[in-house]
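K.L.:
Sequence and predicted structure, then a few things I'm wondering about:
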Amino acid sequence: MDIIIASFLEDSIVPKFNYWIYVILMMIGLYAMITKNNLIKKLIGMAIFQTAIILLYVSVGVKADANIPIISHHGEKDHVEHAQNENLDSASEASSHHGSKKEHHVIDKNKFANPLPHVLMLTAIVVGVSTLGLALAISQKVHGSFGTLEEDEILDQLRPGGYD
Amino acid sequence: MKFFGLLSVIIVGFLLLSATKDFPNWGDEDSPANSGPVSSFYIEKTEEKTKVPNMVTAVLADYRGYDTMFETVVIFIAGIGIIAVLRTYGSNESIPKNQVGDEGAGLLARMTCSLILPFIQLFALYVVAHGHHSPGGGFQGGVMLGASYILLALAYGLARAKSCFSEKRTLVFAALGIFIYVGWGVLCLVMGSEFLNYSALDSILPGGVEMARSHSMLAVEIGVALTVTAIMFSMFSNLSTKGRLDKGL
Amino acid sequence: MIWQFDIIILIFLVVTAVIALRVKDLLGASMVFGIYSFLICLLWAEMGAVDVAFTEAAVGAGVSTVIMIATVFSTTRRSKD
Amino acid sequence: MTDHLPILLLLSPLFGALVCVLFGKGNSKNAWIVSMISLGISSILSVFLLLKVLSIKAGDIRYRMGGWDPSSGYEVGIELRIDILAALIVLAVTLVGFINTIYSKTRVPAEVGEKGPFFYALIQLLIVGLCGIIMTNDAFNLYVLIEITSLTSYALIAMGNRRAALSSFNYVIMGTIGASFYLLGVGYLYIKTGTLNIDDIHTYLENENLWTSQSIIVAFILIMLGVWTKMALFPLHGWLPNAYSYAPSMTGTFMAPLMTKVMVYVMIRVMLWLFGADFVYSEDSVWSELIVWMSVVAIVAGSFLALARNDIKKMLTYLIIAEVGYMVGGAWLNSLTGQAGAFYHILSDAAMTFCLFIAASIVIIRTGESRLNAFDGLFRKMPLTMIGFTIGGLSMIGLPPTCGFFSKWYLISGGIESGHWEFVVALLFSSLINAVIFFKIFERAYFGKIKGIKEEVSVADIDMIPAEGIKSVPASMLIPLFISALSVLILGIMNKNLFSWISNALKMING
Amino acid sequence: MADLESSLIPFFAWLVSLVAVPAIILLGRKPDAREGVTFFAAIVKFSLVLLMLPLIREGKILYFSFGEIIEGIPIEFRVDGLGILFAIVASSLWILTSLYALGYMRSLKEHDQTRFFACFALSLSATIGVAFAGNLLTLYIFYEILSLSTYPLVTHHGDKEARSGGRTYLSHLLGTSVAFVLPAMIYCYWKKGGDINFTDGSLLTTNIDSGAGLILLLAFTFGFAKNGLMPFHSWLPNAMVAPTPVSALLHAVAVVKVGVFCVIRVFTGVFGIDLLRDLNVAVVVSWIAAFTVITSSLIALTQDNLKRRLAFSTIGQLSYIILGVSLLTSLGVTGSILHVAMHAFGKITLFFCAGAIYVTMHKKYVSELVGIGRKMPITMTAFAIGSLSVIGLPFTGGLVSKWYLVMGTVDLGADGTVDSGKIALLVIFLVSSILNACYFLPIVYRAFFCRPEESLYEGGRQEAPLACLIPLCITALLSVISFFNPSLFIELAGLIIK
């Protein structure tokens, strides 16, 4: 019975589950950004929205049975040796063609997760935190001049004096 | 407003969900993204071309180094943007020396902080330097280094942290970080290659073309780390004092 | 990647996201957001994106939460929604 | 060295920004000089870049960052790609930046005080971002650069008064939604194609014939939604009017001509390069029809909203919204003339918006009044400023020989060619509304009685910029105004050459 | 086919009044020198136009090109019979109007005279630009410049009435030209495949069906709203707030005639008479014109303000011209072209007289003119001659043009045209002439022949200043001369018809 449930999960739910959750998180974030009244809450929504996008990208790069995208064929002890060898070899290897390379140069691409989405998402995280920081600074300025972080209260304050 | 918000969110949600059935399965090795030539190139050729086992670092700092340069610029913009928006140059900018350390956390927290801070900073430096072989790199290390100063400010008060890392110094460090990154790229230009083409530097760096790339990556990572450290601290110090830089949390 | 682990974290994620948006105390919301970031950091690690996980730990669970709390302290904890 | 023109163009303001930041607070004068130098170099380099592109018959310059050669046909690094269209817009961006820096000389100390160096640093980084957006050929790099421009503009706008801060916050929310949608779209494309290079994505989609795939369609919708949010197409325009009108005046003069236009360029880029004309204008889809109608709505709504405003800058910002409708509609007309017209309108709209914003800023600063009655009797008191404003206004209405007329000519030609009469009618309608708006102002300026200029600013007017009196408009404000007014005329007179360059470049893409 | 000849004369004829503008502004402080410049420019312009006349009569077509501005469309001057005729009328009357304006403005001590004369010169330049325009775009550009440059003239007084008049003026003229002419022009450009130069025949070839043709024709006819066709006529009475010299030259000659000139150009140069006959759409225009003729005459009867009455009379007379050209018979077109000139001479006389009365007596209502003939006999005689010409009675030029128009109507159905409503149109001509007489002759009659006790005026003669009096005498004379010797105009009109 357990096996049946497990296989059902694995066949039908798991393959797209990440994408579903990403959509749900994105909807939560977007909804908060649009409808929340408090500026900080809007920003939390924004952060959730951005992590949802990261979830999408990272899920793309996942491979079943894959490792992290860092190559480590050799143990720690021959790492040094190898580095020394390499300097010696590099001159001779430079002219030799591909086939003569050592065994560990042949890399099975299915053994490593796709690094590109990770790189992209590093950038996206940085952009996210930058936006968050700047937005927090702006909301502090808003609080400084209006004394509140609630959007409706700010608009109430503006209405008598503002003309638009 | 709520209704329209909900409506638009649901429409977008359904739009996105409708596309997911068309996606390759999660973890599919043969999806275009995972088996495509670009990704395969990164996995198969990175070590050969750059001698960097951590593909993420290699892609980040070399293949897509131009992106990362702008990523650093984004951080930089956030830093000076916060200063531009929030900073007020009041009269009480400098707190007398004898008040240093008046604020901050209790004794226990201070002791703990002073114990772990060196290790945090050491580890941060390790992360920056060892990003080629293990997870990490300039950005993560920089954030940790910045966080160590934030911790200092939290435990001993902002004034104490500012004595190590004054505003002027944060700006200099931030600019210096980007200068190192961009300058490294310009160095490649001067050597007669494209911008950020580190292979041009093999004549001045030891270890051949591949190692030139590897060393260059370290250089730009250090640049990133400098900027990120400075900006993270500047961000915190401005946000925690409403731009007055007088007294922390 | 372990899909059971994956699913559990994902469900927790949605729950924390909803809580972070519903807590009326902004400080509490920031804390829950920190937890959310930490969970998502776990998720990245589980999916083999170690660098992303590292960054998320340092940025999302660390700096983002800290600057958010700093803002809440220097403005107000009150929130109507 | 000419091979490296594109990157040198970017690096000059980038270094300028670093130097400006090093000055620290208070050194506005030095920062201004640095900014002038760096943007001046950048403008000169972009002229050379344009000349270089024009001298190449094949069409475009490609510049591979890091020198990574493609692997099995796909780019692994990031590539810059500059054709005539990109070179023209880069030139426009750098020139506007340079001229606006002249304008900002006296305004920066007055409006942002000691934070002048940071202002200049942000301005230069904004230029870097805009030029980068135009030149890059990598979909993700485009996102990063969009964020650079967004972040700088959030900060630049929030440097203004308290309303500016609030508007900037709204802009942050809308801008992030827009950029995130774009990023999602790129993600969907990446899932299906496995590459990020714009040309490679197009090739892959064509080879695999993925045009009917749901993800690609959704990606397209998402990218369009994102770009439209950033360019403030009508229903998504909410952030723009407040942001541009409450921002410091030199920020307004800077961003109004550039931001939306560059995003329109991105839209055309995505439409024609990334997805290709066959997909975008395909017979089976209703998009072309639908979006032309959307642009019609945008034009009409923007014009009406502008007509209803009594605040000078608000009115101009709503006119920008209408103009965005022009460009979006023109690009979607499915005719080469329409596309080229939309593109030509990017340039001419940049020139005339720039001209109008500078003139309006001068008027607001000098009279201390931001409503339309600021213009009362100004033809006598500030004739030079009003001449500049008149030229800009006539161009908005679309009277020859200003560039506004010719862009309207091409857009209408495109509309007639493709049989979209509703677009033609909307354009004419908006011209009429513009005529009403501007002649209302001209009449005030021509006949109105000058009221006493406010000598002192009361506490209640704290949001207002203090008036500086009508008499002295410094040369640092008039020169930019005249250059921009002149460029409105020059673009009009040169339209034949520009149009043939643009349509040749577009022909190459459309095949 | 006429032979084309490149020539600089059209360019100089256009340029001379343009150059006068900065000169007038610079000499703003010295009124005599300023007016001297105006006269000099006017005379030079007139002689340059006359210089071209023999060449045109030989059948040549002069052209001058500034260079292409849009692919296939140069900014180009192209002087043919129609253009030279209009240029002669406009530039000759400019001299007289300058003289008249001198007297009028100085005796009323008007403000901003420099601006007035500068704009006057600019609008003349634009008028010549329209007259010589070699293609639709050039025509359109100068048409717009004319609208803009006359706006300061219309609103010269700067008061509330002038501003609202100016607003109506600009909104009608700019609005219609942008909304109708611009798309129509672009449509032509697209249909023709990248060229909208006027030719002797048809610009549009036969690849147009009659539905599109009708819309296009109506767009052009309404778009050039300076022609005063209803329902876009209301700018004209409103613009009468302008000083009288402006009304005289611009609203009797330059502006309104530019409107009808453009329509004639569209009929002959864009569509071509033959194509219009094939399409059979001009009849719509002719009925609109006929309607305008009758309606405007009826309104004119009710107007007490003399200048407004003249304005409505102008609307009616302009519609004669449009009616004539839309008949598509060669006589009708000739009549139209003749009427451009004849009506100009007649109507400018009337306006000059109205201004002279205002200058001397400060009267502007018809009811106040009873008995004025004894006070200002010369002025009122000229007024009588002008009225006769506008009504179309013998010994004035008006008869000649009206004769051609009526004969053109009679010709309907003769050479391939449709004769629908021939009788109705003739009746309209008759009725409208009677109406014309009704609103003009009583003024003249009561000015001269009222009973002494009814007369509002006493004392001896008191004429307007000489500078006002001389021009109106000359224009009255011209009206008479053109009756006896209309051959030049007929010949020039013939160059268009062939």
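P.N.:
Received the coordinates, thanks.
K.L.:
How about the contacts made by E:E68?
P.N.:
E:E68 sits next to D:K496, E:P74 when contact means C-beta atoms under 8 Å, 6 or more residues apart in numbering or on different chains. For glycine as for every other residue, the C-beta is placed from the backbone atoms N, C-alpha and C.
K.L.:
Quick check, pLDDT for it.
P.N.:
Note for E:E68: predicted pLDDT of 81.
K.L.:
Am I right that it sits in a strand?
P.N.:
Yes. Under DSSP: H, G, I helix; E, B strand; the rest coil, E:E68 sits within a strand.
K.L.:
Quickly note the distance from it to chain C.
P.N.:
According to C-beta to the nearest C-beta, to the nearest Å, E:E68 and chain C sit 58 Å apart.
K.L.:
for E:S387, same thing?
P.N.:
Distance, E:S387 to chain C, by C-beta to the nearest C-beta: 81 Å.
K.L.:
Would you enumerate the residues in contact with B:A230?
P.N.:
Residues counted as contacts of B:A230 (C-beta under 8 Å, 6+ apart) are B:G79, B:G146, B:F165, B:R169, B:T170, B:L171, B:V172, B:F173, B:A174, B:G177.
K.L.:
Least confident of those residues?
P.N.:
Lowest in pLDDT among the contacts of B:A230 is B:F165, which has 84.
K.L.:
That residue reaches B:G146, doesn't it?
P.N.:
No. Because the distance of 9.2 Å does not satisfy C-beta atoms under 8 Å, B:F165 is recorded as not touching B:G146.
K.L.:
Find residues that contact each of those two.
P.N.:
By the contact definition C-beta under 8 Å, 6+ apart, B:F165 and B:G146 are jointly contacted by B:A230, B:F233.
K.L.:
out of those two, which sits in the busier spot?
P.N.:
A side-by-side neighbour count of B:F165 and B:G146, using other C-beta atoms under 10 Å in any protein chain shown, places B:G146 first with 27 against 19.
K.L.:
list the contacts for the more buried one?
P.N.:
Taking C-beta under 8 Å, 6+ apart, we find B:G146 in contact with B:V228, B:T229, B:A230, B:I231, B:M232, B:F233, B:F236, C:V63.
K.L.:
before we move on, the earlier item: could you flag which of the contacts of B:A230 are buried?
P.N.:
Buried by 16 or more other C-beta atoms under 10 Å in any protein chain shown: B:G79, B:G146, B:F165, B:T170, B:L171, B:V172, B:F173, B:A174, B:G177, out of the contacts of B:A230.
K.L.:
Turn those residues into JSON lines, columns for secondary structure.
P.N.:
What follows is the buried ones among the contacts of B:A230, written out as JSON lines (three-state DSSP):
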{"residue": "B:G79", "secondary structure": "helix"}
{"residue": "B:G146", "secondary structure": "helix"}
{"residue": "B:F165", "secondary structure": "coil"}
{"residue": "B:T170", "secondary structure": "helix"}
{"residue": "B:L171", "secondary structure": "helix"}
{"residue": "B:V172", "secondary structure": "helix"}
{"residue": "B:F173", "secondary structure": "helix"}
{"residue": "B:A174", "secondary structure": "helix"}
{"residue": "B:G177", "secondary structure": "helix"}
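K.L.:
and those as JSON lines, adding distance to D:S72?
P.N.:
Formatted as JSON lines, the buried ones among the contacts of B:A230 follow (distance: C-beta to C-beta, whole Å):
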{"residue": "B:G79", "distance to D:S72": "41"}
{"residue": "B:G146", "distance to D:S72": "41"}
{"residue": "B:F165", "distance to D:S72": "48"}
{"residue": "B:T170", "distance to D:S72": "45"}
{"residue": "B:L171", "distance to D:S72": "45"}
{"residue": "B:V172", "distance to D:S72": "45"}
{"residue": "B:F173", "distance to D:S72": "42"}
{"residue": "B:A174", "distance to D:S72": "40"}
{"residue": "B:G177", "distance to D:S72": "36"}
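K.L.:
which pair in these spans the largest distance?
P.N.:
Using C-beta to C-beta, the buried ones among the contacts of B:A230 span at most 15.1 Å, a distance reached by B:G146 and B:V172.
K.L.:
Could you list the residues of chain B in contact with chain C?
P.N.:
B:27, B:54, B:56-57, B:127, B:135-137, B:139-140, B:143-144, B:146-147, B:150, B:232, B:235-236, B:239-242, B:249 (C-beta under 8 Å from any C-beta of the partner chain).
K.L.:
isn't B:V59 right up against B:Y42?
P.N.:
Yes. Applying C-beta under 8 Å as the test, B:V59 and B:Y42 come out as touching, 5.5 Å apart.
K.L.:
show me where chain A has strands.
P.N.:
Per DSSP state E, chain A carries no strands over any range.
K.L.:
By mean pLDDT, point me to the weakest helix or strand of it.
P.N.:
Ranked by mean pLDDT, DSSP states H and E, the helix or strand of chain A with the weakest confidence is helix A:77-95, at a mean of 45.
K.L.:
which stretches of the chain have low pLDDT?
P.N.:
Just going to use chain A. Applying pLDDT under 70 to chain A flags the ranges A:1, A:8-14, A:73-106, A:160-164.
K.L.:
oops, chain D please
P.N.:
Where chain D drops to pLDDT under 70, the residues are D:1, D:58, D:449-472, D:511.
K.L.:
now chain C
P.N.:
Ranges of chain C meeting pLDDT under 70: C:1.
K.L.:
For it, what lies in contact range of chain B?
P.N.:
C:1, C:3, C:50-51, C:53-55, C:58-59, C:62-63, C:66-67, C:70-71, C:73-74.
K.L.:
Only the buried subset of these, as a PyMOL command please.
P.N.:
Selection of buried members from the residues of chain C next to chain B for PyMOL, criterion 16+ other C-beta under 10 Å:
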select buried, chain C and resi 3+50+51+53+54+55+58+59+62+63+66+67+70+71+73+74
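K.L.:
now, which of the residues of chain C next to chain B lie within strands?
P.N.:
Judged by DSSP E, the residues of chain C next to chain B include no members of strands.
K.L.:
In which helix or strand does D:A306 reside?
P.N.:
helix D:287-308 (DSSP states H and E).
K.L.:
So what angle separates the directions of the following helix or strand past that helix and helix D:287-308?
P.N.:
Downstream of helix D:287-308, the first helix or strand assigned by DSSP H and E is helix D:312-331. Angle, helix D:312-331 to helix D:287-308, by axes from the mean of the first three to the mean of the last three C-alpha atoms, to 10 degrees: 160 degrees.
K.L.:
What number of residues are in the vicinity of residue 56?
P.N.:
All of this is about chain A. A:L56 has 27 nearby residues by other C-beta under 10 Å.
K.L.:
that answer is for a different chain, and I need it for chain E
P.N.:
E:I56: 23 neighbours (other C-beta under 10 Å).
K.L.:
so it makes contact with E:G81?
P.N.:
Yes. Using C-beta under 8 Å, E:I56 makes contact with E:G81 at a distance of 6.0 Å.
K.L.:
Now do the shared contacts for these two.
P.N.:
Residues touching both E:I56 and E:G81 by C-beta under 8 Å, 6+ apart: E:L492, E:L495.
K.L.:
Lovely, talk soon.
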